[in-house]
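Undergrad: sequence first, predicted model second:
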Amino acid sequence: MGLLSEEQVSAALTGELGAWTREGDAICRSVQAATFPDGIALVQRVAEVAEELNHHPDIDIRWRTVTFRLSTHSEGGITEHDLTLARRIDALAG
């Protein structure tokens, strides 16, 4: 697949993926859930999509805040796989 250029990543983050930020070789987004169980339910829905796409995020759960970190480790950075999963996470997170 190959790494995305800096311009491609920047365009995505300033456009349709505006809730995401760049952190090194990854893109990240935190979602504030209404309750702890709602956060866990979001993680479950994302896990199902991640399995479907065979692309798995790093996930950090802190009470009601769920943080997703996406990077294609086999490529050493951000690829279209990460943007695709970010779009799906956005749709699930609302």
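TA: Nice, thanks for sending it over. Worth saying up front: this structure is predicted, and the values here are computed from it rather than measured. Numbers count the residues shown, from 1 in each chain.
Undergrad: hey, let's count contacts and neighbours off CA atoms from now on
TA: Fine.
Undergrad: and E23, how close does it get to L13?
TA: The spacing between E23 and L13, counted by Cα to Cα, to the nearest Å, is 12 Å.
Undergrad: in terms of neighbours, single out the busier of the two.
TA: Set E23 next to L13 and count neighbours by other Cα atoms under 10 Å: L13 wins out with 17 against 11.
Undergrad: with adjacent residues omitted, what lies nearest to that one?
TA: W20 (6.1 Å; Cα to Cα, 6 or more residues apart in numbering).
Undergrad: roughly how far does that neighbour sit from H56?
TA: 17 Å.
Undergrad: flag the shaky bits of the chain, pLDDT-wise.
TA: Low-confidence segments of the chain, defined by pLDDT under 70: 1.
Undergrad: what's the longest helix in it?
TA: helix 36-53 (DSSP state H).
Undergrad: who's in contact with that helix?
TA: Helix 36-53 has contacts (Cα atoms under 8 Å, 6 or more residues apart in numbering) with 32-33, 56-57, 59, 61, 63-66, 85, 88-89, 92-93.
Undergrad: what residues of that helix count as buried?
TA: Within helix 36-53, the residues that count as buried by 16 or more other Cα atoms under 10 Å are F36, G39, I40, L42, V43, V46, A47, V49, A50.
Undergrad: gap between the fifth one and V66?
TA: Meaning V43. Using Cα to Cα, V43 is found at 8 Å from V66.
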